[in-house]
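Sharing a model prediction with you, sequence too.
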Amino acid sequence: MIEKLLYIEVEKGPSLQLVFLKEHKMDKNLEAIVSLEDVYKVYPLGKTEVHAVKGVSFEILKGDFISIAGPSGSGKSTILNMIGCIDTPTEGTVRINGKATSGLKDKEITLLRHQTLGFIFQSFNLIPVLNIYENIEFPLLLDNSSKVTKAERKEWIDYLIETVGLENWRKHRPNELSGGQRQRVAIARALVTKPLIVLADEPTANLDSTTGESIIALMKKMNKDVGTTFIFSTHDQTIVDIADHVIVLKDGTIVRNERKKNGSN
């Protein structure tokens, strides 16, 4: 239903995108979109083992803006990688949208990543030979089954470029942009496939504090406007403060799991 609303009349331009955004937000409810059930992750290290995650269980609701925080080595990036199907648990179950990720075939994992997950990395991971428009467009070109036309695709990408404030930079390459601008491109690219979940691994780590705050504000706006679930692995106290759900890890276990009563959801 959401797809039909988004692409029903291309000639209406960006105003049509707002129909999608409004309807997508209405879909948000109290269902758990991510759940971890007694999850362990053990890595072999020579003759010893590293217990990165130890019996972690929690739920993330649709539309959450959640911070997974903790010191280096606490297990937060490991958990983010398991949610993103980049890694698998040694024991326990990770569920995305109700489906257990363990046992999925490679093709199913690829489909899940493409249709459900968006990724934002601290190093941006933009393609240097492509301009801004092309970098944002790239994930859409990987879907050979898509029936979206080039005109429809352009309408959506133009809307995202405008939303992240880079209208005058669409033909520039990543090396011509500041760190904050490159992270804005990364946000637009993460949202271009209309994922239910965006995973952000230390997204402000390589930015100054002022730029980092503006990037956080942009992601919070997209969370409120679109209803996308944002999951952060972070040291940044600003993200922890603005999040409506905070999980703090230490030595692979949860020491705090708080849903703020006055969260923006």
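Arrived safely.

CA only for contacts and neighbour counts going forward, please
Fine.

residue ranges for the helices of this protein, please.
Counting by DSSP state H, the chain has helices at residues 2-6, 14-26, 76-83, 106-116, 132-141, 150-163, 179-191, 209-226, 237-242.

The fourth one relative to helix 132-141, how many degrees between them?
Interaxial angle, helix 106-116 versus helix 132-141 (axes from the mean of the first three to the mean of the last three C-alpha atoms, to 10 degrees): 130 degrees.

Reformat the helices of the chain as TSV; add mean neighbour count, distance to E258 and mean pLDDT.
Shown next, in TSV, are the helices of the chain (neighbours: other C-alpha atoms under 10 Å; distance: least, C-alpha to C-alpha, whole Å; pLDDT from 0 to 100):
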stretch	mean neighbour count	distance to E258	mean pLDDT
helix 2-6	14	32	34
helix 14-26	17	23	39
helix 76-83	22	16	96
helix 106-116	14	25	89
helix 132-141	19	34	95
helix 150-163	17	31	92
helix 179-191	24	26	93
helix 209-226	17	18	88
helix 237-242	17	11	93
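
how about these in JSON lines, adding distance to V94?
Formatted as JSON lines, those follow (distance: least, C-alpha to C-alpha, whole Å):
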{"stretch": "helix 2-6", "distance to V94": "26"}
{"stretch": "helix 14-26", "distance to V94": "24"}
{"stretch": "helix 76-83", "distance to V94": "7"}
{"stretch": "helix 106-116", "distance to V94": "13"}
{"stretch": "helix 132-141", "distance to V94": "25"}
{"stretch": "helix 150-163", "distance to V94": "31"}
{"stretch": "helix 179-191", "distance to V94": "22"}
{"stretch": "helix 209-226", "distance to V94": "23"}
{"stretch": "helix 237-242", "distance to V94": "23"}
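
I60 is nearest to which of those?
Smallest distance to I60 across the helices of the chain (C-alpha to C-alpha): 10.8 Å, for helix 76-83.

Can you name every helix or strand that that closest one contacts?
strand 48-61, strand 91-96, strand 197-201, strand 229-234 (3 or more C-alpha pairs under 8 Å, 6 or more residues apart in numbering; DSSP states H and E).

Let me know which of these is the nearest to T78.
Nearest of the helices and strands packed on helix 76-83 (C-alpha to C-alpha): strand 48-61, 7.2 Å.

what's in contact with the closest one?
29-44, 66, 73-75, 78-79, 92, 229, 251-254 (C-alpha atoms under 8 Å, 6 or more residues apart in numbering).

Show the buried residues in those residues.
Among those, those classed as buried by 16 or more other C-alpha atoms under 10 Å are 32-36, 38-41, 66, 74-75, 78-79, 92, 229, 251-254.

measure the residue sitting furthest away from the middle of the chain to V255 for me?
Of all residues in the chain, K47 has its C-alpha farthest from the mean position, at 35.8 Å, by C-alpha atoms, centre = their mean. Note on K47: its distance to V255, by C-alpha to C-alpha, to the nearest Å, is 29 Å.
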